[in-house]
Each structure stands twice: as C-alpha cells, then as structure tokens.
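A.B. asks: Got a sequence here, can you model it:
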Amino acid sequence: MNERFGEKPLDRLVLTAADQRAVDAAAVAAGVPSSELMESAGRAAADWILAHLDPANVLVIAGPGGNGGDGLVVARRLFEAGVGVCMLLLADPERMNPTSREMLDRLPENVEVSRDLLVLDEGLASANCVVDALFGTGLSRPLAGVHQEAVDRVNVSKARIISLDLPSGLPSDTGELLGPSIRASITLAMAFLKPAHLKFPAARSCGNVAVLPVAYPADVLQVIEPQARVCELAGIAARLPDRSPTGHKGTFGRVLVLAGSRTMAGAAVLTCRAVVRAGAGLVFLAAPQGVRDRLKGAVPEAITIPMPEVGGELAGIGDDGFRERLDQIDVLVAGPGLGRRVATARAIREAVAAFDGPIVLDADAVHAFSGDLEALNRAGPRVLITPHAGEFSAIAGVPIEEATDEAARSFARRIGIHVLLKGRPTAIATPDGRLWLNPTGNSGLATGGSGDVLTGTIGGLVAGGAPLESAAIVAAYLHGRTADVFAADRSSRSLMPSDIIELLPYVIREAEREA
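C.D. replies: This next block holds a predicted model:
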C-alpha cells in the first residue's frame, strides 16, 4: 500500500475508472487543484520520457478530456527541455474541460497546435516518439471517425508509441477490446494501475507499463477500496519468510506432499523438488505404494511414505502411520497427479479432515471437493486452492468463461478460503475479499507440470513461515518471473517445468537483494 505517493510501494493499487474519478474528486476536495494534479501527471510523464527514451522529435496527439490535458503538459515540458514538438489537438478548444483548456493556454507560442489530421503524416515522418493522449480511462464506446483514423495511422508508423495512462481505444475496467485501439510500446500509468493494464487481450496493447507518481494526498485512498493490488518486487522481498542464520531443517518447516499416480508420477517429483527449492527443511512424499517404490531415487531429498492403492492410484490414507506423520508436519500439499477415482477423492478429503494446519490443494485435490464445499468451509482460511479455469469452473459451479478473478474473489469470500486462480494474470483472492493480480509470467508457463511447481513453491514458503496469502502472492510472482527470465534470451515456448525449478534460486535471490 502506498503510504505516501512517490515512495517505492510494496503493492500497486488497481483502480477502476469510477475509483479514479472518486480519488480525483477527493484530492480536489482536500485542497489540491485539478490543475496541480494534471501538471503533476504531465511532468512525471515528460520526465520519464526524457530519462528513458532520448527523444529528438515528438508528436503529441491530444484529445478533449483530462488525458488530453496531460498530453498538453507533456508537450510543454518536452519543448522547454529542447525537444522538437509537433502538437495535434483532435478536439474543439471551446468544448474541452476547463483544466485541459488551461493547459492549452499555457503552451508556449512557439509550439504550433494543429487540429488538421493532415499534419499527422508529417509529424509521424519526423518523430521518433508519439505521445498518445487522445482518451484515457473514461472511454466507454469504440473509436470512430477522425479518432479512429488517427489511431490507425499511428499504429502503422515506425515511431515508438507512448500512451498516457491507457492506450486510446481501450476500456479501463476489463481486458476486452471495444474496437480499434493504440498499440503502445510503453504505457505510463498515472499513480495507479487499471484492470486493462493486466487483463488480456487489452494488456497486449499496453506494451510495457510504468507507474508514475502523481501529487495525490495519501488519505484520498480512504474513499475507495481498490479493485485489486499488484505486488511489486519490494513487496515480494517483504513477504519472504525470515531465514535464521542459526536455523536447522526443523526450523524451516516440514511439508507432506500427497501426490502421484502410476500415469502421473512426474507430478510428485516436480512438486517435491519445488518444495525444497522454496526453502523447506524437510519434505515427505506420500504416494501410492507402487509409485513410491519407483520414485525413491527420483527425489532423493524426500522421505517417502507408501500409501494404499488401487489401479495405481491412491485408495486411502492407510493406518495410523500416515496420521502420525500429519502430526509431525507444518503444511500439507495435496493433489498433483493423484487421479480422480472415487476412492482417491475420498482419501484426499480424509487427509484434509485429519490435518489441522495450512493446506494447499491443487489439481485432483481441488476436484475432490467439487461436491463437498461444506468440508472446505469447515477447514476455512487455512486452505488455499490453486485451480486453473477448468478446475475452478467445476468446483465453483460457473461456466468456464466466467472463471474470472472476480469469480475467484466471490468464491473465496463465500467459502471462507484462499483461492489462487491460475491464468493471465493469475489472481489470488482472500477470505476477506481482497484480490491480488500477478504481473509476471508468459505463455511458457502453459505446459503440463508448471502448476505442480507452483504448488510446491507455495508449500515450501508456508513451511518457512509465510502465511498462506503471502506464500501464494510470492510464489505466483517468482513462478512467473522464472518464465520471464527464461524468455529474455530463449524462446518462451521451450520452457519446461524443470527449468522453472532450476531458475527459482536466481529469482528468489533477486527478491532477497531488494530487501
């Protein structure tokens, strides 16, 4: 949460268009003139462009609203810094909002302002950067006429496109596309992220997103509850569990992984290896007898526990030996590769009922509770489920196209558990209704076994002392970050789950250095 704007935050706030309007109004009511807010936003954008892009000639395209006013401030600031500026105003000055009109009046006389679309081609021919300030968060209908024509011409230019707050043509609050929109290289978000920066397909049009400081008083956030939060690297560092220099394997926690079947033994291996990579002191692998015998050498770090089986799948939790192990561990991880036999689902539910500590349920363990949400409700906030959209659809009883972050929030609140809904972006919802959207990752994660690594990473972090909420946020970030690191110099399509495990120590170290 931002304590004072301009400081490095642990979490970025995600605001809807209505939230943004409420914050703006609260700032004005608190004594900050709207012109000061606009000046602050435009100055931050101009400073960012000067610091990162070395602009020589810039074309600024401004619209009639507040976004256009921000663009006018950028044009003035860049001109005063010695940058060549071409200004295209696609608005009637008499119909602009008063604050934006004030910014138009503040432009130096030497900055020629044209309202003729014919100047666009000339400006695009000489500009190495285009600042898109046509429309911001207030757009609710598709672009048309001169605005659509301008967007189409900008998109085919070779200039780098920098959008202010949101690429023109995108709706703020969803990942949908209304129609034609700017395809930005960079989007400079003003103080807050918007849902469209994170949700696809709209997020693809945003390019790289940087969040800029704006002169809002900190207490204006009291008027809204953010749509969601996005954890920054500093927030990941703050949420990593402490690592005592005098600790031992008991200090760093014991995880029992209930996973694997005859046809999906690899899921158990990947999960256990991720548990260890995430820092757990001890990992126990409980697997069907025949699978356990095959895996003893595959995961030498794990203490293996043979479990009853039928047809190569878990058939029960056996005698008191397994229950005794439950008394010795700190976290239970269940689901990867177990299968969906009736006996297997019953055994999963029995194991959950028998354990009173933190529980991470993935894949087939999520499915095991599809007809027994009351049991999940009884276990309560010490449970985290990690479904993909199909698994969430089944357990929550919603169509797969409605397996969204908002549905995850609603389900988490209704059942009283934590939910990590895998996707782009991955969403983490808490029983009290808060929501995080994860900013890292790419399509390389869309491969079998990737989710098993995520589940194991969460379990290892919980064993080390992280609360379920923090473990889910951190694991999702690190998991996605490994994919981004891999794709920096290799093809994301070649990423394997074992690569994620091998890269985990490096991305964890990145976070540790941030602390």
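
A.B. asks: rest of the way, CA atoms for contacts and neighbours
C.D. replies: Will do.

A.B. asks: show me the contacts for the closest residue to L233 other than its chain neighbours.
C.D. replies: What sits nearest to L233 in space, not counting adjacent residues and going by C-alpha to C-alpha, 6 or more residues apart in numbering, is A511, at 6.3 Å. By C-alpha atoms under 8 Å, 6 or more residues apart in numbering, the contact list for A511 reads 233-234, 236-237.

A.B. asks: For A228, give me phi and psi.
C.D. replies: Per-residue torsions, A228: phi -160, psi 180 (degrees, to the nearest 10).

A.B. asks: surely it meets N438?
C.D. replies: No: taking contacts as C-alpha atoms under 8 Å, A228 lies outside contact range of N438: 10.2 Å.

A.B. asks: Out of the contacts of A511, which end up buried?
C.D. replies: Among the contacts of A511, the ones that count as buried by 16 or more other C-alpha atoms under 10 Å are 233-234, 236-237.

A.B. asks: okay, R323: pLDDT?
C.D. replies: According to the prediction, R323 has pLDDT 87.

A.B. asks: Now for G297, how many residues are close by?
C.D. replies: Using other C-alpha atoms under 10 Å, G297 has 10 other residues around it.

A.B. asks: So which elements touch the strand or helix carrying T344?
C.D. replies: Using DSSP states H and E, T344 sits within helix 342-354. Helix 342-354 sits against strand 313-314, helix 364-367, with contacts defined as 3 or more C-alpha pairs under 8 Å, 6 or more residues apart in numbering; DSSP states H and E.

A.B. asks: mind listing what's buried in the helix or strand just after the first one?
C.D. replies: Read that as strand 313-314. Next in sequence after strand 313-314, counting helices and strands by DSSP H and E, comes helix 320-326. By neighbour count on 16+ other C-alpha under 10 Å, the buried set for helix 320-326 is 322, 326.

A.B. asks: Parallel or antiparallel, which strands does the helix or strand that comes right after helix 320-326 pair with?
C.D. replies: Once the chain leaves helix 320-326, the next helix or strand it forms, by DSSP H and E, is strand 331-334. Here strand 331-334 is paired, per DSSP bridges, with strand 254-258 (parallel), strand 359-361 (parallel).

A.B. asks: got the contact list for A191?
C.D. replies: Here A191 is in contact with 5, 211-214 (C-alpha under 8 Å, 6+ apart).

A.B. asks: out of those, what pair is the most spread apart?
C.D. replies: Greatest spatial distance in the contacts of A191: F5 and V211, 11.1 Å, computed using C-alpha to C-alpha.

A.B. asks: which one of the strands paired with strand 331-334 lies closest to G69?
C.D. replies: Nearest of the strands paired with strand 331-334 to G69, taken as C-alpha to C-alpha: strand 359-361 at 48.8 Å.

A.B. asks: what sits up against that closest one?
C.D. replies: With contact meaning C-alpha under 8 Å, 6+ apart, strand 359-361 is reached by 331-335, 352, 382-386, 455, 458-459.

A.B. asks: do stretch 384-396 as well
C.D. replies: Where contact means C-alpha under 8 Å, 6+ apart, the residues beyond stretch 384-396 that reach it are 359-363, 366-367, 369-371, 373, 398-400, 402-404, 411, 417-423, 455, 468.
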